[in-house]
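Novice: when you get a sec, could you give me coordinates for this:
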Amino acid sequence: MRAFLGALALAAGIAIAGAAAYFDRTDAGAQEADTSLSAMSDPTILTSRDYARIIQQFQKPVPERPGDARPAGFTGDDSCRHANDGECDEPGIGTGACPAGTDYSDCWRIATGQEDDSCRWANDGECDEPGFGTGACTQGTDVSDCGDVTHLRFRDDSCEFAFDGVCDEPGIGTGRCPARTDRSDCGGRHRPLTINDHFFGHDDRVLMDTAQFPWSVIGTIQTDRGGTCTATLVAPNVIATAAHCIHREGQLHAGGVFTTGFALPGGPRTARTVDHLIDEEWDSQRFSQTDEIDGTDWALLRLDQPLGDELGFVGVLDIVADRSERETRNARIWQAGYSWDTGANLSGNEDCRILTAYPDDTISHDCDTTRGDSGSPFMVHENGEWQVIATDSNFRRNPDGPFIYISSRSSRWVHLIDDFAAGRIGAGGVRPQGPGKPGASRPVKVENGSLEH
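Specialist: Residues are numbered from 1 along each chain as shown. Just a heads-up that it's a prediction; the model follows:
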């Protein structure tokens, strides 16, 4: 989530998001600019239009914009500023970003039911239309690759009743949800592996109750320079997220506001970041261009308020060091984040697995994650204790199958939390730091005088 990066798509997300969702680089996009909670339709500041543009640049550099004969039954022009970007933006049939009749070239196929395979990338096994696909094709011109999900266009699961198995949209359901906001319940959870999102054939996510622990300590980190990712309390005054979430255009911007417990009595709790700690080997440019340092995609942020004294916090575990290979693969994994398509709701997975533990301090997994999930926790729950084992990072392209979804293991920072929380180590603040190795923290000196990474 290298293209929401190991996948070229990943590189895209980071560059724009400063990060997540798992893109967030997409996320990756590596795990997007209106970052208010009410506009969390794109928490990592990567809009579908931005994402499509970057994918086109890195993956399929010659987007199709065929000239079209004007068909009968649909009229209009291309006077909208978003016209001819490949994505239908008219209300009712598109994003709604354009007035009716002003995005003719992008919308006429959808409006007249004449979708086809006129894009040069059609029938290549990968959906190339905007939104679910790479964006290399105009909407309605890659129907064979995208046809299984065209009924889900311009819809999301932002309704508070999403994922409950009951269709709540008006006209086709109970009407408890606004139109097009209860996608999975009204349109189904099937997701073809050809779509460019983090779903393994089926979207298994559920909504989490942010008034209940541990979901009450999983919140959003909104940076002062724009962009929102997911973060988790791992000490009374420390949150863990992804390093790419606090980087934009090669610069580190760690200042921001952490908000959590949105459903708590009295409203959500907030605190500002006052210091940060990232991996000595982190380099945002290298991260966005290669898969070589994905294990360094973590960040600890110290807060000005010990929110964990009231709300509690989750523990941290190096699962690979603690378990056998078989136990690691069989562990039940829980994940939760503020996905782009679930609005202000915390969505997540209750039963997914680690697929591979790599020697570079990363894991691949089968949790259903997407843009906005960058920095979100992957946890185990045993003996009544919740422990973070990894944070969501990005995805890698896989020529032989679905994307490989990557998280950065907590092994690189579990031993640093206590010292960072106490102020004994850190970067000395959250001032913006500029290029080179953007924002690399000073080496952490341990008692024996060696350098701890």
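Novice: which other helices and strands contact the biggest strand by length in the chain?
Specialist: Using DSSP state E, we find that the single longest strand of the chain is strand 385-396. When contacts are defined as 3 or more Cβ pairs under 8 Å, 6 or more residues apart in numbering; DSSP states H and E, strand 385-396 packs onto helix 8-17, strand 228-235, strand 238-241, strand 315-316, strand 333-337, strand 362-365, strand 377-382, strand 404-409. C-beta here means a position set from N, CA and C on the backbone, and glycine is covered the same way.
Novice: pull the CA atoms of it into CSV?
Specialist: Taking Å, rounded to 0.1, in the frame of the first residue of the first chain, the C-alpha atoms of strand 385-396 are listed here in CSV:
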residue,chain,number,x,y,z
GLU,A,385,-4.1,-9.1,28.3
TRP,A,386,-3.9,-7.2,25.0
GLN,A,387,-0.5,-6.8,23.4
VAL,A,388,0.6,-5.1,20.2
ILE,A,389,2.8,-7.2,18.0
ALA,A,390,3.1,-5.0,15.0
THR,A,391,1.8,-1.8,13.4
ASP,A,392,0.3,-1.5,9.9
SER,A,393,2.7,-0.3,7.2
ASN,A,394,2.2,-1.0,3.5
PHE,A,395,1.8,-3.6,0.8
ARG,A,396,4.1,-5.1,-1.8
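Novice: partner strands of that strand and their direction?
Specialist: strand 315-316 (parallel), strand 377-382 (antiparallel), strand 404-409 (antiparallel) (DSSP bridges).
Novice: now, of those, which is deepest in the fold?
Specialist: Comparing the strands paired with strand 385-396 by mean neighbour count (mean count of other Cβ atoms under 10 Å), strand 404-409 comes out on top with a mean of 29.
Novice: please enumerate the helices of this protein.
Specialist: Assigned by DSSP state H, the chain shows helices spanning 8-17, 48-58, 104-112, 143-146, 183-187, 284-289, 307-311, 319-322, 325-330, 417-421.
Novice: how many neighbours does the residue lying closest to E325 once chain neighbours are set aside have?
Specialist: Leaving aside its chain neighbours, E325 sits nearest to A357 (7.3 Å; criterion: Cβ to Cβ, 6 or more residues apart in numbering). Applying other Cβ atoms under 10 Å, we find 20 residues neighbouring A357.
Novice: residue contacts, A357?
Specialist: Residues in contact with A357 (Cβ atoms under 8 Å, 6 or more residues apart in numbering) are I319, V320, E325, T328, R329, I363, R409.
Novice: thought R409 was touching the second one, still the case?
Specialist: Going back to what we said before, that points to V320. Yes - with contacts counted by Cβ atoms under 8 Å, V320 reaches R409, the gap being 6.7 Å.
Novice: return the member of the contacts of A357 nearest to G131.
Specialist: I363 (28.1 Å; Cβ to Cβ).
Novice: next, the contact list for that closest one, please.
Specialist: With Cβ under 8 Å, 6+ apart, I363 has these contacts: I354, L355, T356, A357, F378, I389, A390, I406, S407, R409.
Novice: for the fifth one, list each beta-bridge partner.
Specialist: Residues in a beta bridge with F378, per DSSP bridges, are Q335, A390.
Novice: need the contacts of I363 in CSV (columns: pLDDT and distance to I278).
Specialist: Converted to CSV, the contacts of I363 look like this (pLDDT from 0 to 100; distance: Cβ to Cβ, whole Å):
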residue, pLDDT, distance to I278
I354, 96, 24
L355, 94, 26
T356, 94, 25
A357, 95, 22
F378, 98, 19
I389, 97, 19
A390, 97, 16
I406, 93, 17
S407, 96, 16
R409, 97, 15
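Novice: and the lowest mean pLDDT element among the helices and strands of the protein?
Specialist: strand 451-452 (a mean of 25; mean pLDDT, DSSP states H and E).
Novice: wait, E385 touches G315, no?
Specialist: Yes - contact status for E385 versus G315: in contact at 5.9 Å, counting by Cβ under 8 Å.
Novice: skipping adjacent residues, who's closest to C107 in space?
Specialist: Among residues not flanking C107 along the chain, C88 sits closest, at 4.0 Å (Cβ to Cβ, 6+ apart).
Novice: near the one you found, how many other residues are there?
Specialist: Count around C88 with other Cβ under 10 Å applied: 31.
Novice: so, low pLDDT: which residues of this structure?
Specialist: 1-73, 192-199, 400-402, 433-453 (pLDDT under 70).
Novice: I354 contacts E327, correct?
Specialist: No - with contact defined as Cβ under 8 Å, I354 does not reach E327; the gap is 10.1 Å.
Novice: quick one: which of the two has more around it?
Specialist: Just comparing I354 and E327: by other Cβ under 10 Å the higher neighbour count belongs to I354, 25 against 11.
Novice: how far away is that one from R409?
Specialist: 10 Å (Cβ to Cβ, to the nearest Å).
Novice: residues shared between the contacts of these two?
Specialist: Between them, I354 and R409 share the contacting residues I319, I363, judged by Cβ under 8 Å, 6+ apart.
Novice: next, the distance between the ends of stretch 140-149.
Specialist: 12 Å (Cα to Cα, to the nearest Å).
Novice: check stretch 148-155 too.
Specialist: End to end - Cα to Cα - stretch 148-155 spans 14 Å.
Novice: change the start of the numbering to 614 and stick with it
Specialist: Will do, 614 is the new start, and the previous item becomes stretch 761-768.
Novice: contacting residues around it?
Specialist: Under Cβ under 8 Å, 6+ apart, the answer for stretch 761-768 is 701, 706-709, 723, 728, 740, 744-745, 752, 756, 793-794, 796, 799-800, 803-805, 807-808.
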